[in-house]
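Next comes the sequence, and after it the predicted model I'd like to discuss.
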Amino acid sequence: MAKILVVDDDESMRALMRVHLSNAGHQVILAEDAMQGGRLLLDSPPDLLVIDAQMPYLSGTDFVAALIADATAPSVPVLCITAHEEYREQFDKLDVSYLIKPFQVSALLAKVDEVLKGQQG
């Protein structure tokens, strides 16, 4: 299936994402913050970036904005996740897909499939 980079500062959320996405057949790479995620993304671009919007040091939304603005960075589809509804406007401005926590596993897998299929054509 797809290689998915999950960036989230919450260890339990990373573990849950790994289980659910791996069980769906995806290869999952984990990062605990945007800095580590950025290094992994540049070293080996994934098929999809799943990133938490609110993290210390560099937020997921700021990371995605920088990624989009950098013409030399790999073009990677993004799925942002957050527990905060107020991020919707930022996601819309960035033109990225998002899920509001808490969400059902079925909603996560459906959104991952939707974003991946949207990049195929």
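All right, it came through fine.

C-alpha from now on. contacts and neighbour counts both.
OK.

mind listing what's buried in the helix or strand of the chain with the lowest mean pLDDT?
Least confident helix or strand, the chain: helix 88-94 with a mean of 90, by mean pLDDT, DSSP states H and E. For helix 88-94, the neighbour count (16 or more other Cα atoms under 10 Å) marks 88, 91 as buried.

Who are the packing partners of it?
Packing partners of helix 88-94 (3 or more Cα pairs under 8 Å, 6 or more residues apart in numbering; DSSP states H and E): helix 60-69, strand 97-100.

Point to the residue nearest the middle of this structure.
With distances taken as Cα atoms, centre = their mean, residue 50 lies nearest the centre of the chain, 1.3 Å away.

contacts for the helix or strand hosting that one?
Per DSSP states H and E, residue 50 falls inside strand 48-52. The contact list for strand 48-52 (Cα atoms under 8 Å, 6 or more residues apart in numbering) reads 2-9, 59-60, 76-82, 116.

same thing but 6 Å
Contacts of strand 48-52 with the rest of the structure, by Cα atoms under 6 Å, 6 or more residues apart in numbering, involve 4-8, 60, 76-82.
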